[in-house]
Each structure stands twice: as C-alpha cells, then as structure tokens.
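Peer 1: Pasting a predicted model and its sequence here:
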Amino acid sequence: MKVLIVGGVAGGAGAAARLRRNDEKAEIILFEKGEYISFANCGLPYYIGGTITERAKLQVQTPQAFRARFNVDVRVQHEVTGVDSAAKTVTVKNHATGETYTESYDSLVLSPGASPIRPKMPGMEENHIFTLRNIPDTYAIYDHIQQAAPKTAAVIGAGFIGLEMAENLADRGLAVSVVEAAPHVMAPLDMDMAHTVHNYIRGKGLGLYVGKKCSGFTKDSVLLDDGTAVPADMVILSIGVAPETRFLEGSGVELGRRGEILVDEELRTSVPDIYALGDAATVKNIVTGKVQVIPLAGPANKQARIVADVICGKKARYKGSQGTSVMKFFDQVVACTGEKEESLKAAGIPFHKTFTISASHAGYYPGSSQMIVKLLYTPDEGKVLGAQIVGGDGVDKRIDHLANAVRFGLTVYDLQEMELAYAPPFSSAKDPVNMAGFVAQNVLEGTMNPFYAEDVEDLPENAVCIDVRAPRELEALGTVPGFVNIPVDQLRQRLDEIDLSKPLYITCQVGLRGYVAQRILAQSGANEVHNLSGGYTLYSAYRKDLAGMADAEKKSCASCGKQE
C-alpha cells in the first residue's frame, strides 16, 4: 500500500504516524511545502511575547526525527501543485531544486490546512504588515520587533489568535490597539458575554475599536472606515483563514463555497481513495447538524487517527465537532463550547439561557475569582446546547465538563448530578457546573423568571423595581437607575411597601439573592416576578462597555474631524 499525505503539522503528521503504527510495510510519503512538518501552532504567539524562549521548542518533530521513528519518507519544501484522480498521481514541485515530478498513490490524504486572509488594501506597502501561520511568520515578527523596535502595533481581527497576539505584543512593551469589524470580539461569544472581555481589554490599557473596518494604512497608522487613524508602527492581520485548496482544481474533489473540502463521516472526499482532514475539510456541527469548517487542533488530531484507520480497513468515523475552545488573555480566561445564542437563533433552534456567577473555589480559601457562566439549553428537556465562560482560574476545567455535556447530549439535570472533585483550593461543594444546572432547572420549572441587562431600558412603565442587596453594596458599587432598595433579609417584614399586583423586577449582585427574593414574593401573592440574570454584575459590565464604546466613538470623531 502506498499512501501520499499532503501537508504536515497536526493532521498530516498525525495521520502518517498512525498509518505506520497500523501497517509497518506501507509506503508513506509526506509532502510539506514549508521547512517544518510538525510545530506548535498554538504556541507561536508566546514565542513572540517571550514566554517561550527557545526556538527549538516550537518544533514538535523535525523531519529527520520523524523519518527515523516512523519510517516515513518526509519531503519538506515539496509542494503538491495538482492531483490527477483518474491516473491516481500528484504533481509535486521541489522548491529546493525547482524540479517538478509526479508521484503515484493508492490512497491520498489531504491536509493542506488554511492560510491567513490578506486582502489588498491601500497603503499596505507603507507599513510593516504581518500574518501568523507558521514558524517563518513567527521569526519574521520576532526579528522585526528586535531590529526595528516599534512603539505601537495594531491587531486587525479579535479572534483567538488576534487577542493572543495583542497580549504578547503588549508583553513586549508595545502600545497595542485591537480592531474588529464585528460588533464584539471573539466570534464564538455572544455580545452579552463579550462586554466583560471588552472592559478587561480596555482595563489592560489596550485600544479597542469594535464595529470598525480597516480601510487602509499609512507608514505609522491603520486607517478605519470612519476616518479614524489608529497608531501602528506594525500591524498583525488576523481576520480569518481560507482553505489552501487551489491545487485541487480539476481533480474532481468536491469543494464548498469557500474552497473547503467536502467529506463524509469516514473523511472520504467525493473521489475514491482520497481523504481530507484538518482546517481545510468540513465537519458536521453536532448541535445544528450544519456542515461547516471548524479549524481547531483537537479535531484535526482525532481526524488524523480516523483517516489512518479507515485507510487500513478499520471501522472508524468522525461524528462531528462542537468548537470547544479556550483562550488566556493576560489573567482572563475565555472559553466556549457548542453553539452561541446568535447561531441558535439563525438556525431556528429554540433555547433558554441563564447566567450564573460562581467563585473558582471555596470563598473562604484565599485567591478565588469569579467566573461568569452562560448556559444555553432546550426549553423542553433542558438538553445542553452550548456554554460560554469568562473568568480566571478553573475556567478550563468547567468548559470541559460542559463540552462533554454537549457532546453526549446531557441535560441541565445531568449537570446537577455530576460528581466533581472538590477541595477548598479547587472548587466549592456546589461546583459552578452544578450551579449552572440548578439555575437552569429553576427556569425550566418556572420558579425563576429571568430578565437580562439589555432588557432594563424597556421595562414596563408600571413595573416595581427592587434591589435586594445591602445598602453598603449600593453605596460602594452603584445600582440600576430606578430600583429601590429593600434588602432581602427585610423583605418579608416590608411586603406592605410593595404593590404585589404590579410586575416586579428584582436585582442583586449576581442573581442568587434575587432568586430568594423572587420566591418570597411569588409565594406572598405577587402576580409576576422577574429576576435579573447575572444581577448587577452583568448589568454594570454592560453599561461600562457601552460607555467605553461611546468614549471610543468620541475619540474617533475627534481624530477624523467629524461632528458628533
């Protein structure tokens, strides 16, 4: 059996290694158009920032070591430029010698990956503009900072890589601005969770421009579509990736609208004996059933194993992806799994949402921090559809629990029953995952009727609005305009002050005391009671972000000379 593999890194190199473990006698040739076959993509920003200090650490495997261990014919600087599926051959260009030749195959594995999108815009030649995909890109950015000593930088695109680059450039001492054309950073988040991230970005001293498109460059700035000039001696373009599949033209391999390779559950393409995986191949979204591209390292590694098994006649299939991801941004951690609210609405999938705010570990043990958990679930059985978490310590392990809930079709009731490891330094007896399940159950059973920060401006005119925190909290932290203070511990004694026939809207700091108040009022004759999900914490984050956006807009107007 002769197997050709196009592309290295997680997908191609992983498939080659698994093939060899399955079949010691197979002839395996791996083509990689670059110099490196297996490197730590996700670690590249941290070399630029100085957290990773040794260049050698970025290489997971060298071609020589991979060849020695797995007996794979590794050909670096060899680019596959065409595929003849009828003849079962590929055309290869050796960039080291300029030679072009053909190679036959019994099975062909496509793992070409995706390349950063780099649209042509005015002034690009005037500034120092970089993208980050591989080790040469990393060295180019690092060396430029060392040699040119830029003072300012702009990152265009606020996804995972963009924000990681913003952090690492700031760690190198640059004044950094982040520009994002969408209304909020990080596409897997909903806006209500992005408010906290926006506030944190500004709090770290970075410039933030959301809902703004880059329109061009000068030698020391990025120009936005509203005329704003953002200071930038260098620029990182991080606006997305596109599958590298141009070499498949005329091959018969069916591609999607953006050039992505269409595959089935066995990762077979439309052409017999040709398989595809990784960032260039489609997967099924396990929540929506939609076929899409979800470019993540974890799925690519799993697909590599499955492709090798299928080629060797084993029963294996890739059941789909859910986009589980986590990112560290300075001391803040942002994580997501499954679908977000915006996507569920677009897909016509009904859902409920709740917010819980929990400590990362027992409050009496020093060093705990709060995490905000957004849970999305079906309104009937409570099946978990997605989750988003913003916090610090412990976010990663909680998103993993919730990822398993999405993957295996668990419900919010299952979250309650999860028996999770507990000791004061690590968690609370009621883990944040359990708490998310408890609150969701309350909503499903009708004992909690939530409203949200964005609803506050549109409450009914006859609403009675009550803040049930202690007076000292209101003095120190502020309150929602129009809410009167009746502490929850005094509520039973002061029921005569409340018109129970009117709609009641309750808030506290995070939602827990508000729920207690809601239960008191509902069982005391109130007709309609609502509790602010996430409490004043999420409301204040929402208002602070709106103020930050307004302030940025004023500065934009001042810089471009527009009238407000």
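Peer 2: Perfect, thanks for sending it. Numbers count the residues shown, from 1 in each chain.
Peer 1: Now Thr100: closest residue in space, sequence neighbours ignored.
Peer 2: Excluding the flanking residues, the one nearest Thr100 by C-beta to C-beta, 6 or more residues apart in numbering is Lys93, at 5.0 Å. Any C-beta I mention is one placed from the backbone N, CA and C, and that applies to glycine too.
Peer 1: Confirm that neighbour sits in a helix?
Peer 2: No. Counting by DSSP: H, G, I helix; E, B strand; the rest coil, Lys93 falls outside a helix, being strand.
Peer 1: got the contact list for stretch 449-457?
Peer 2: Applying C-beta atoms under 8 Å, 6 or more residues apart in numbering, the external contacts of stretch 449-457 come out as 192, 354-355, 443, 459, 480, 505, 518, 528-534, 538-539, 541-543.
Peer 1: quick one: average pLDDT of that stretch?
Peer 2: In this model, stretch 449-457 has an average pLDDT of 97.
Peer 1: Going forward, count from 27.
Peer 2: Taking 27 as the first residue, the last one we looked at is stretch 475-483.
Peer 1: so how far does that stretch reach from one end to the other?
Peer 2: The straight-line separation of the ends of stretch 475-483 (C-alpha to C-alpha, to the nearest Å) is 18 Å.
Peer 1: Can you list the buried residues in it?
Peer 2: 475-479, 482 (16 or more other C-beta atoms under 10 Å).
Peer 1: so Ala213, which of the three states?
Peer 2: coil.
Peer 1: That one - how many residues pack around it?
Peer 2: Ala213 has 18 neighbouring residues, counting by other C-beta atoms under 10 Å.
Peer 1: about what we covered before: which ones among the contacts of stretch 475-483 are found in strands?
Peer 2: Counting by DSSP state E, the contacts of stretch 475-483 place 380-381, 531, 555-558 in strands.
Peer 1: which among the buried residues of stretch 475-483 gets closest to Ala326?
Peer 2: Closest to Ala326 out of the buried residues of stretch 475-483 is Tyr478 (36.4 Å), distances taken as C-beta to C-beta.
Peer 1: Going by neighbour count, list what's buried in the longest helix anywhere in the chain.
Peer 2: Ranked by number of residues, the top helix in the chain under DSSP state H is helix 561-586. Buried residues in helix 561-586, defined by neighbour count with 16+ other C-beta under 10 Å: 561-571, 574-575, 578-579, 582, 585.
Peer 1: Stretch 79-95 now?
Peer 2: Using 16+ other C-beta under 10 Å as the test for burial, stretch 79-95 gives 84-89, 92-93.
Peer 1: Next: stretch 205-215.
Peer 2: So, applying 16+ other C-beta under 10 Å, buried residues of stretch 205-215: 205-208, 210-215.
Peer 1: So, low pLDDT: which residues of the chain?
Peer 2: By pLDDT under 70, the weakly predicted segments of the chain are 582-590.
Peer 1: Which residue ranges of it form helices?
Peer 2: 35-48, 70-75, 89-96, 161-174, 186-197, 217-229, 323-337, 367-373, 421-433, 438-443, 458-470, 497-503, 538-548, 561-586.
Peer 1: And these: which comes nearest Ala489?
Peer 2: helix 538-548 (13.1 Å).
Peer 1: any idea how far the residue nearest to Asp99 when sequence neighbours are not counted is from Glu483?
Peer 2: Using C-beta to C-beta, 6+ apart and skipping the chain neighbours, the partner closest in space to Asp99 is Ile55 (4.4 Å). From Ile55 across to Glu483, the span is 63 Å (C-beta to C-beta, to the nearest Å).
Peer 1: And Ala342, by the same measure?
Peer 2: For Ala342, the distance to Glu483 - C-beta to C-beta - is 53 Å.
Peer 1: How about Ile375?
Peer 2: Taking C-beta to C-beta, one finds Ile375 at 27 Å from Glu483.
Peer 1: repeat for Ala385
Peer 2: Taking C-beta to C-beta, one finds Ala385 at 30 Å from Glu483.
Peer 1: do the same with Ala302
Peer 2: Taking C-beta to C-beta, one finds Ala302 at 49 Å from Glu483.
Peer 1: Please apply the same query to Ala307.
Peer 2: 45 Å.
Peer 1: Kindly report the same for Lys119.
Peer 2: For Lys119, the distance to Glu483 - C-beta to C-beta - is 61 Å.
Peer 1: Then Met474?
Peer 2: 22 Å.
Peer 1: do the same with Leu249
Peer 2: For Leu249 relative to Glu483 (C-beta to C-beta), the value is 34 Å.
Peer 1: residues near the nearest residue to Gly324 once chain neighbours are set aside, how many?
Peer 2: Closest residue to Gly324 apart from its sequence neighbours, by C-beta to C-beta, 6+ apart: Thr350 at 7.2 Å. Residues within reach of Thr350, counting by other C-beta under 10 Å, total 22.
Peer 1: quick one, phi/psi of Thr350?
Peer 2: phi -70, psi 130 (degrees, to the nearest 10).
Peer 1: What's the separation between it and Pro325?
Peer 2: With C-beta to C-beta as the criterion, Thr350 and Pro325 are 9 Å apart.
Peer 1: Glu125 reaches Glu105, doesn't it?
Peer 2: No. Using C-beta atoms under 8 Å as the test, Glu125 is too far from Glu105 to be in contact (11.5 Å).
Peer 1: out of the two, which sits in the busier spot?
Peer 2: More neighbours surround Glu105 than the other of Glu125 and Glu105, with 18 against 10 (other C-beta under 10 Å).
Peer 1: Leaving out the residues flanking it, which one is nearest to the more buried one?
Peer 2: Lys59 (3.6 Å).
Peer 1: tell me the contacts of the one you found?
Peer 2: 103-106, 121 are the contacts of Lys59 under C-beta under 8 Å, 6+ apart.
Peer 1: Drop anything exposed from those.
Peer 2: 104-106.
Peer 1: Can you redo these as JSON lines, where the extra columns are distance to Thr77?
Peer 2: Output for these, formatted as JSON lines (distance: C-beta to C-beta, whole Å):
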{"residue": "His104", "distance to Thr77": "33"}
{"residue": "Glu105", "distance to Thr77": "32"}
{"residue": "Val106", "distance to Thr77": "35"}
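Peer 1: Go through the residues you listed and flag which are in strands.
Peer 2: Using DSSP E, those in strands are 104-106.
Peer 1: ok, those vs Thr164, which is closest?
Peer 2: Nearest member of those to Thr164, counting by C-beta to C-beta, is Glu105, at 20.4 Å.
Peer 1: In the beta-sheet assignment, what are the partners of that closest one?
Peer 2: Taking DSSP bridges as the rule, Glu105 bridges to Lys119.
Peer 1: What of the one 10 residues further on?
Peer 2: On DSSP bridges, the residues paired with Thr115 through beta bridges are Asp110, Ser130.
Peer 1: thought it was touching Ser130?
Peer 2: Yes. Shown here, Thr115 and Ser130 form a contact pair, counting by C-beta under 8 Å, at 5.0 Å.
Peer 1: hang on, the earlier thing: can you tell me which of the ones in strands among the buried ones among the contacts of Lys59 is closest to Ala334?
Peer 2: Once C-beta to C-beta is applied, the member of those that ends up nearest Ala334 is Val106, at 18.8 Å.
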